Structure formats: C-alpha cells, structure tokens
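*Asks:* Structure, please.
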Amino acid sequence: QVQLQESGPGLVKPSQTLSLTCTVSGGSITTNSYYWSWIRRPPGKGLEWIGYIAYSGSTYYSPSLKSRTSISRDTSKNQFTLQLRSVTPEDTAVYYCARDHRPVPVWGTGSWGQGTQVTVSS
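*Replies:* Predicted coordinates for the structure are as follows:
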C-alpha cells in the first residue's frame with residue numbers, strides 16, 4: 001500500500017520560497033498512469049489544487065498559481081517537491097501531497113499524505 005508523507009518548514013516569511021517534499025513509500029513515482037499532486041486547504045476554506053507531476057515527469061499547474069509554482073522530483077529518493085515563490089500570508093494553509101489516476105485528485109479517493117501546516121508570517 002502506497003504511503004505519502006509531507007515534510008518541510010512550518011513557518012515561512014513573506015516574500016520567501018515555500019519548499020515542501022513528499023516522500024513516497026510502497027510504490028514508485030514513475031509507475032505508469034499516476035499523477036502526483038500538491039493540494040492545500042487555507043484556514044476556513046476549501047481544498048485548492050496546486051499542480052501535479054506525472055509519472056512521465058511532465059508537470060501542470062493551476063493557472064492561478066502557475067507563475068509562482070514549481071514541482072520537481074527525485075526518482076532516486078522516490079520524492080517529489082513543491083516550491084512556491086514569493087509567499088504571502090494568503091499562502092498559509094495545510095499542504096497535502098496525493099497520488100491518483102486523475103490529474104486532479106478528489107478528497108477521499110486515491111492516496112493522500114496526512115498534511116502539513118505551513119504558516120506565512122514575519
């Protein structure tokens with residue numbers, strides 16, 4: 001059974017870059033037909049999909065975040081990483097990584113990490 005675990009700093013200062021890593025066990029991130037996504041839930045709001053890196057290594061980002069987002073992977077470590085540049089307090093959220101056959105995962109389906117709180121504050 002695949003498991004995903006997010007890691008990274010819980011506090012980031014405004015204008016800096018938020019960097020999170022998702023470590024995957026029990027399955028390879030290069031396995032055919034899977035999409036590996038980052039999603040976030042700001043306080044008091046719904047889930048917001050950020051983007052994915054596919055099994056092939058191709059990436060796609062939410063248009064609203066595309067200018068500030070990069071998703072990459074390290075196949076030797078079976079990890080994929082989110083970088084969100086020029087953060088503001090509005091980027092404060094619980095950040096999740098997930099695996100699904102669909103490009104945009106649906107809560108309650110596929111496989112999700114537990115989530116990690118990231119606060120943007122000086």
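*Asks:* gap between Ser25 and Gly51?
*Replies:* Ser25 sits 22 Å away from Gly51, taking C-beta to C-beta, to the nearest Å as the criterion. Using the backbone N, CA and C atoms, a C-beta is placed for each residue, glycine as well.
*Asks:* Those two - which one has more neighbours?
*Replies:* Comparing Ser25 with Gly51 by other C-beta atoms under 10 Å, the one with more neighbours is Gly51, at 22 against 10.
*Asks:* isn't the more buried one right next to Ser64, touching?
*Replies:* No. Using C-beta atoms under 8 Å, Gly51 makes no contact with Ser64, being 10.5 Å away.
*Asks:* Could you list the low-confidence segments of the chain?
*Replies:* Counting by pLDDT under 70, the chain shows no low-confidence range.
*Asks:* Now do the strands in it.
*Replies:* 3-7, 11-12, 18-25, 35-41, 48-54, 59-61, 69-74, 79-84, 93-100, 111-112, 116-120 (DSSP state E).
*Asks:* And the fifth one, what's buried?
*Replies:* When burial is assessed from 16 or more other C-beta atoms under 10 Å, strand 48-54 yields the following buried residues: 49-54.
*Asks:* which residues touch that strand?
*Replies:* By C-beta atoms under 8 Å, 6 or more residues apart in numbering, the surrounding residues in contact with strand 48-54 are 29, 34-42, 59-62, 65-66, 69, 71-73, 80, 82, 84, 93, 103-105.
*Asks:* I appreciate the help and will end here.
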